[in-house]
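Engineer: need coordinates for the following:
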Amino acid sequence: MTYCLGILTKEGLVLAGDSRTNAGSDQLNTVRKMHTFCVAGERAFVLLTSGSLSCSQSVVTILQRDWDNGEGLATVKTMYDAARTIGRAVREVAKDDREALERDGYSFNTNIILGGQIGFAPHQLYMIYPQGNPLRAGEDNPFLQIGEVKYGRPILDRGIRFDKTTLHDAARYALISIDSTMKSNATVGPPIDLLMYMTGELNVKRRRRLDLDDPLLNDIRVRWDRALRDAVQTLPVINLQPEG
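Structural biologist: Numbering: from 1, shown residues only. Next up is the predicted model:
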């Protein structure tokens with residue numbers, strides 16, 4: 001399992017994801033799930049993947065092959081076209097692999113988050129489903145999640161606002177969301193890839209990989225735990241009178 005998320009704000013995008021692909025008593029695998037495609041000053045795309053690792057890697061390989069040949073994401077005119085291009089790659093892999101996977105009892109499963117910007121068009125955030133169809137985030141739904149989403153969603157629901165959440169606050173929310181998920185689910189784990197994209201940059205340069213013992217991640221974890229406990233003490237006392 002994995003957990004990745006993208007946050008859309010007026011100022012730009014924040015994308016983050018863990019790196020754990022398998023969890024068990026004797027095996028932990030680490031694979032990067034964040035992939036970037038960028039022509040500085042022209043276009044910038046960031047992808048996050050979840051689901052079957054083999055399926056996701058095949059999709060990214062197709063996108064990288066086409067990019068290197070000056071095709072696919074290298075030529076699309078809009079972010080919607082970029083999302084559709086990724087969807088076609090998903091369907092191409094499904095055409096090759098779905099039948100064999102399902103014959104042996106495995107489902108074809110890959111979900112992708114796409115964030116980025118082309119030229120002077122607005123920055124956008126999409127999720128591409130295993131069927132290849134895209135869903136776009138907007139002002140009323142300014143974040144998208146894939147993978148193990150339930151543990152990290154409440155903080156995003158309560159805190160993220162498209163026009164009020166700053167880019168730096170969005171990064172804080174992203175790390176709290178992922179750390180909360182790691183706290184409750186052993187199948188999600190470090191390193192954490194965190195990327196901040198400021199609208200108009202058309203480049204991928206604000207990124208960091210955080211290990212479990214990274215001072216920044218540890219500081220946020222400790223402060224958030226303390227803040228939660230302190231906040232509870234400020235809530236009204238709940239007096240329940242005995243019955244009878």
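
Engineer: pretty sure Ser52 is touching Glu102, no?
Structural biologist: No - using Cβ atoms under 8 Å, Ser52 is not in contact with Glu102; the gap is 11.9 Å. (Glycine included, C-beta is placed from N, CA and C.)

Engineer: identify the contacts common to the two.
Structural biologist: Phe108 (Cβ atoms under 8 Å, 6 or more residues apart in numbering).

Engineer: between these two, who's got more neighbours?
Structural biologist: Of the pair Ser52 and Glu102, Ser52 is the one with more neighbours under other Cβ atoms under 10 Å, namely 20 against 11.

Engineer: can you tell me how far the spatially closest residue to that one that is not a sequence neighbour is from Ser50?
Structural biologist: Excluding its sequence neighbours, the residue lying closest to Ser52 (Cβ to Cβ, 6 or more residues apart in numbering) is Asn109, at 5.0 Å. Going from Asn109 to Ser50 by Cβ to Cβ, to the nearest Å gives 8 Å.

Engineer: which one's more surrounded, those two?
Structural biologist: Shown here are Asn109 and Ser50; by other Cβ under 10 Å, Ser50 has more neighbours (24 against 12).

Engineer: partners of that one in the sheet?
Structural biologist: Ser50 has these beta-bridge partners by DSSP bridges: Asn111.

Engineer: what is the end-to-end distance of stretch 139-155?
Structural biologist: Stretch 139-155 stretches 17 Å from its first residue to its last (Cα to Cα, to the nearest Å).

Engineer: swap in stretch 31-42?
Structural biologist: OK, stretch 31-42 end separation, Cα to Cα: 29 Å.

Engineer: what's that stretch in contact with?
Structural biologist: 2, 4, 15, 17-19, 21, 43-50, 53, 56, 60, 63-64, 67, 73-74, 118-119, 193, 195, 202-204.

Engineer: list the ones among the residues you listed that fall in strands.
Structural biologist: 4, 15, 17, 21, 43-50, 118, 193, 195 (DSSP state E).

Engineer: any idea which of the residues you listed is closest to Ala186?
Structural biologist: Each of these was checked against Ala186 using Cβ to Cβ; the closest is Thr21, at 12.8 Å.

Engineer: and the pLDDT at that closest one?
Structural biologist: We have a pLDDT of 73 for Thr21.

Engineer: residue contacts, it?
Structural biologist: Here Thr21 is in contact with Thr2, Asn29, Thr30, Val31, Leu53 (criterion: Cβ under 8 Å, 6+ apart).

Engineer: for it, which non-adjacent residue is closest in space?
Structural biologist: Asn29 (4.5 Å).

Engineer: that neighbour and Thr2 touch, don't they?
Structural biologist: No - taking contacts as Cβ under 8 Å, Asn29 lies outside contact range of Thr2: 10.9 Å.

Engineer: any shared contact partners between those two?
Structural biologist: With Cβ under 8 Å, 6+ apart, Asn29 and Thr2 have common neighbours Arg20, Thr21.

Engineer: of those two, give the one with the bigger neighbour count.
Structural biologist: More crowded of Asn29 and Thr2, by other Cβ under 10 Å: Thr2, with 24 against 12.
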